[in-house]
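Q: mind looking at a prediction? Sequence and model below.
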Amino acid sequence: MAQKELKIQPREYQKRILETCKKQNCIVILPTGTGKTLIAIMLAIERFKKFPLEKVLVLAPTRPLVEQHLKSFKKNLPEDWADMQIFTGKTQANERKKIWQTAEFVFSTPQCIANDLKKNLYTLEDVSLLIEDECHRCLKNYSYNFISQRYKEQAKNPRILGLTASPGSDKETIKKVCENLGIEAVEIRTRESEDVKPYLQELEFEKIDVAFPPEFQEIRFLLQEIYNDKVSELQHRKVLFSRPSRTTLLECQRKLFHSLNSGNKSPNIFLSVSACAQAIKISHAIELLETQSISSFTLYLKKIYKESNEGTSKAAKRIIQDKRFQKAFSLATTLNLEHPKINKLKEIVEEKIKNEPKSKILVFAQFRDTVNKITLELNKIPGIKSDIFVGQAKKSHGKNEKGEEKTTGLNQKEQREIIEKFSNGEINVLVATSIAEEGLDIPEVSEVIFYEPIPSAIRSIQRRGRTARLFPGTLKILVTKDTRDATYYYASGAKEKRMHKAIQDIKDDLDNGVDIKTKEEQGKLF
């Protein structure tokens with residue numbers, strides 16, 4: 001069947017990328033909204049024509065993403081062109097086994113396929129194409145990795161296509177993803193690539209600095225003193241050797257628990273466990289104070305008091321006995337001041353909607369309490385219809401006016417309804433956590449706002465890819481001066497530069513036939 005009959009009109013860069021994908025297992029790295037799925041569809045058509053008795057398996061990390069892929073394939077292929085089936089955990093295993101026998105295109109989450117393979121319900125012998133969307137997840141124990149290994153062992157005519165907007169920031173991680181997928185070629189484009197530029201709209205960027213109030217600085221000083229004391233204790237007890245950070249503290253905690261579980265019951269280990277837990281809690285409190293809202297900060301301090309009163313955390317009990325913590329709590333709860341980012345965000349949104357009433361704005365924030373607070377504040381502005389967009393897990397965020405426990409958490413049906421309202425204009429500002437980063441079919445937005453910078457290059461790229469596709473768009477990032485906001489902002493930029501260099505190096509190596517095994521794999525050979 002000719003492509004013109006399929007009504008597919010690929011862009012020049014998509015055609016060029018497809019030619020590589022036809023010949024080799026390939027990872028395709030393209031900005032969000034530049035047509036990775038169309039490349040997958042064209043390759044699926046090519047493989048299905050070449051091996052008409054075999055299957056195409058399309059995997060995506062979440063059910064909404066799986067459904068989105070099925071919808072895209074059906075939209076671009078004539079009705080009854082192939083038997084397309086979706087696998088979910090709700091379908092009985094025996095039923096999936098039957099469907100597998102006759103299905104030609106199967107769409108599923110990796111967890112579902114991995115479980116079936118472990119139960120030997122079917123094999124991947126007759127799969128001519130394996131597509132893994134958001135393939136940067138193909139690491140360690142994630143199901144993508146298990147499936148790709150089985151596929152390479154079982155398939156008679158294997159071809160693998162990995163899709164992602166960003167595979168990771170360090171070379172070894174990217175190599176590992178390529179290695180796990182059996183990648184032979186890399187195709188990468190950015191917004192600045194000459195063959196992509198003509199298809200994308202202008203993206204206007206603005207970094208907006210806000211001052212960290214003196215009243216907040218006083219509270220931070222008290223908490224920082226506690227934090228420094230706990231870090232010094234860990235160093236004195238010879239359990240923390242690297243520069244203190246959230247990552248190194250969590251790693252220290254993991255090692256301490258491992259030592260306890262291995263039978264080391266020395267007082268030094270027990271006291272170190274307590275000091276480490278306190279440092280982690282105080283570090284998180286400082287992050288909330290510096291980057292979020294005063295309400296989410298005080299809510300967390302109250303949680304520490306609650307843990308102490310209920311006896312669920314010895315670390316919390318020790319923290320609340322510290323007079324510096326008590327003073328910080330007193331200052332925070334009597335403070336008649338909100339984080340300046342809240343007011344700045346309200347100004348930005350109000351001005352945008354006032355000047356362009358049909359605008360759609362997507363606000364990203366790290367924590368659910370902040371998402372809730374932002375939505376509450378934005379809905380006080382005339383003309384703003386804002387709603388939250390969060391994951392499925394039900395998490396408490398205080399009590400409502402009646403004293404009832406409030407929870408955030410949207411199931412997939414509720415998520416779809418919110419996106420529908422956003423699409424048709426019932427909602428004009430969507431305030432989202434990381435759930436809105438990966439691939440979901442959220443409509444084109446005129447402005448993306450980061451309430452805070454994030455240190456992850458992958459997530460930063462995915463977030464900003466939500467605008468400036470079909471229409472010009474704006475990206476604004478709020479940065480609180482002299483806080484970890486500023487650190488994260490520059491860290492993300494540096495990681496992204498490293499990522500692009502690492503990808504280019506790996507691409508060059510593959511093009512020149514150089515072995516790209518990771519240091520870990522090379523070590524296994526000797």
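A: Okay, I see it. Numbers count the residues shown, from 1 in each chain.
Q: where in the protein is pLDDT low?
A: For the chain, the stretches flagged by pLDDT under 70 are 1-7, 393-408, 435-441, 443, 462-472, 516-526.
Q: run the chain-centre distance for the longest helix that it contains.
A: In terms of residue count, the longest helix belonging to the chain (DSSP state H) is helix 484-511. Computed by Cα atoms, centre = their mean, to the nearest Å, the chain-centroid distance of helix 484-511 equals 17 Å.
Q: what comes up buried for it?
A: The neighbour-count check on helix 484-511 (16 or more other Cβ atoms under 10 Å) flags 484-486, 488-489, 491-492, 495-496, 498-500, 502-503, 506-507, 510 as buried. In short, each C-beta sits where N, CA and C put it, glycine included.
Q: quick one: the strands in the stretch 201-350 of the chain?
A: 203-210 (DSSP state E, counting those that start in this stretch).
Q: ditto for the stretch 351-500 of the chain
A: Counting by DSSP E, counting those that start in this stretch, the strands of the stretch 351-500 of the chain are 361-364, 386-389, 395-399, 405-408, 429-432, 447-450, 473-480.
Q: what's the closest of the ones you listed to Ser259?
A: Shortest distance between Ser259 and those, using Cβ to Cβ, is found for strand 395-399: 31.3 Å.
Q: which residues touch the residue nearest to Arg324 when sequence neighbours are not counted?
A: Residue nearest to Arg324 in three dimensions, not counting chain neighbours: Leu222, with 4.4 Å by Cβ to Cβ, 6 or more residues apart in numbering. Counting by Cβ atoms under 8 Å, 6 or more residues apart in numbering, Leu222 touches Arg324, Phe325, Lys327, Ala328, Leu331.
Q: surely the first one and Glu225 touch.
A: Just to be clear, that refers to Arg324. Yes - if you go by Cβ atoms under 8 Å, Arg324 and Glu225 touch, sitting 5.7 Å apart.
Q: I'd like to know how far the spatially closest residue to Thr333 that is not a sequence neighbour sits from Leu288.
A: Distances taken as Cβ to Cβ, 6+ apart put Thr298 closest to Thr333, at 5.6 Å, once the chain neighbours are dropped. Applying Cβ to Cβ, to the nearest Å, the value for Thr298 to Leu288 is 9 Å.
Q: these two touch, right, Glu206 and Leu475?
A: Yes - assessed by Cβ under 8 Å, Glu206 is found in contact with Leu475 at 7.4 Å.
Q: those two - which one has more neighbours?
A: Leu475 (20 against 11; other Cβ atoms under 10 Å).
Q: follow-up on the earlier one: which residues touch the residue nearest to Thr333?
A: Phe329, Ala332, Thr333.
Q: what's the spacing between the first one and Thr298?
A: What that stands for is Phe329. 8 Å.
Q: still on that earlier bit, out of the contacts of Thr298, which are buried?
A: Using 16+ other Cβ under 10 Å, the buried members of these are Phe329, Ala332.
Q: between the contacts of Thr298, which sits nearest Pro213?
A: Closest approach between the contacts of Thr298 and Pro213, by Cβ to Cβ: Ala332, at 12.1 Å.
Q: mind checking the SS state of Val56?
A: Here Val56 is strand, with the state taken from DSSP: H, G, I helix; E, B strand; the rest coil.
Q: and the gap between it and Ser108?
A: In terms of Cβ to Cβ, Val56 sits 12 Å off from Ser108.
Q: what's the burial count for the nearest residue to Glu350 once chain neighbours are set aside?
A: Nearest non-adjacent residue to Glu350, counting by Cβ to Cβ, 6+ apart: Ile381, 5.1 Å away. Applying other Cβ under 10 Å, we find 16 residues neighbouring Ile381.
Q: Ile381: what's it in contact with?
A: Lys346, Val349, Glu350, Ile353.
Q: distance check, the nearest residue to Ile304 once chain neighbours are set aside against Lys327.
A: In space, and not counting its chain neighbours, Ile304 is closest to Ala316: 4.8 Å by Cβ to Cβ, 6+ apart. Computed as Cβ to Cβ, the Ala316 to Lys327 distance reads 17 Å.
Q: so for those two, which residue has more residues nearby?
A: Ala316 (21 against 14).
Q: okay, the contacts of Leu222 in JSON lines with distance to Tyr13 next?
A: JSON lines is the format used below for the contacts of Leu222 (distance: Cβ to Cβ, whole Å):
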{"residue": "Arg324", "distance to Tyr13": "57"}
{"residue": "Phe325", "distance to Tyr13": "56"}
{"residue": "Lys327", "distance to Tyr13": "59"}
{"residue": "Ala328", "distance to Tyr13": "54"}
{"residue": "Leu331", "distance to Tyr13": "56"}
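Q: neighbour-wise, which of the residues you listed leads?
A: Ala328 (26 neighbours).
Q: my guess is that residue meets Leu301, correct?
A: Yes - using Cβ under 8 Å, Ala328 is in contact with Leu301, at 7.5 Å.
Q: how does the protein divide into domains?
A: 3-198, 214-333, 340-398+407-494 (automatic domain parsing).
Q: which one of these lies nearest to Val514?
A: domain 3-198 (11.4 Å).
Q: buried residues in stretch 187-204, which are they?
A: Quick answer for stretch 187-204 (16+ other Cβ under 10 Å): Glu187, Ile188, Arg189, Thr190, Arg191, Val196, Tyr199, Leu200, Leu203.
Q: which of these fall in helices?
A: Counting by DSSP H, no part of the buried residues of stretch 187-204 is found in helices.
Q: in CSV: these, plus distance to Thr91.
A: Converted to CSV, the buried residues of stretch 187-204 look like this (distance: Cβ to Cβ, whole Å):
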residue, distance to Thr91
Glu187, 34
Ile188, 36
Arg189, 37
Thr190, 39
Arg191, 39
Val196, 39
Tyr199, 38
Leu200, 39
Leu203, 41
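Q: mind picking the two most distant members of these?
A: Across these (Cβ to Cβ), the longest gap, 22.0 Å, separates Glu187 and Leu203.
Q: any chance you could map the helices in the stretch 151-300 of the chain?
A: 171-181, 214-236, 246-261, 267-291, 294-310 (DSSP state H, counting those that start in this stretch).
Q: whoops, I mixed them up, the stretch 1-150 of the chain
A: For the stretch 1-150 of the chain, the helices defined by DSSP H, counting those that start in this stretch occupy 12-23, 36-50, 63-76, 93-102, 110-118, 143-154.
Q: format those as TSV; extra columns: distance to Ser274 and mean neighbour count.
A: Shown next, in TSV, are these (distance: least, Cβ to Cβ, whole Å; neighbours: other Cβ atoms under 10 Å):
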stretch	distance to Ser274	mean neighbour count
helix 12-23	54	17
helix 36-50	48	21
helix 63-76	41	18
helix 93-102	46	13
helix 110-118	37	19
helix 143-154	36	19
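Q: redo those helices as JSON lines? Include distance to Ala457.
A: Below are these laid out as JSON lines (distance: least, Cβ to Cβ, whole Å):
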{"stretch": "helix 12-23", "distance to Ala457": "22"}
{"stretch": "helix 36-50", "distance to Ala457": "18"}
{"stretch": "helix 63-76", "distance to Ala457": "21"}
{"stretch": "helix 93-102", "distance to Ala457": "37"}
{"stretch": "helix 110-118", "distance to Ala457": "23"}
{"stretch": "helix 143-154", "distance to Ala457": "20"}
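Q: quick one: closest of those to Arg254.
A: Of all the helices of the stretch 1-150 of the chain, helix 143-154 comes closest under Cβ to Cβ, at 21.5 Å.
Q: with only the CA atoms kept, save that closest one in CSV.
A: The C-alpha trace of helix 143-154 is given here as CSV (Å, rounded to 0.1, in the frame of the first residue of the first chain):
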residue,chain,number,x,y,z
SER,A,143,10.6,-3.8,32.3
TYR,A,144,11.9,-2.2,29.1
ASN,A,145,15.2,-3.8,29.8
PHE,A,146,13.9,-7.2,30.4
ILE,A,147,11.8,-7.1,27.2
SER,A,148,14.6,-5.9,25.0
GLN,A,149,16.9,-8.7,26.3
ARG,A,150,14.2,-11.3,25.6
TYR,A,151,13.5,-9.8,22.2
LYS,A,152,17.1,-9.9,21.1
GLU,A,153,17.2,-13.6,22.2
GLN,A,154,13.9,-14.7,20.6
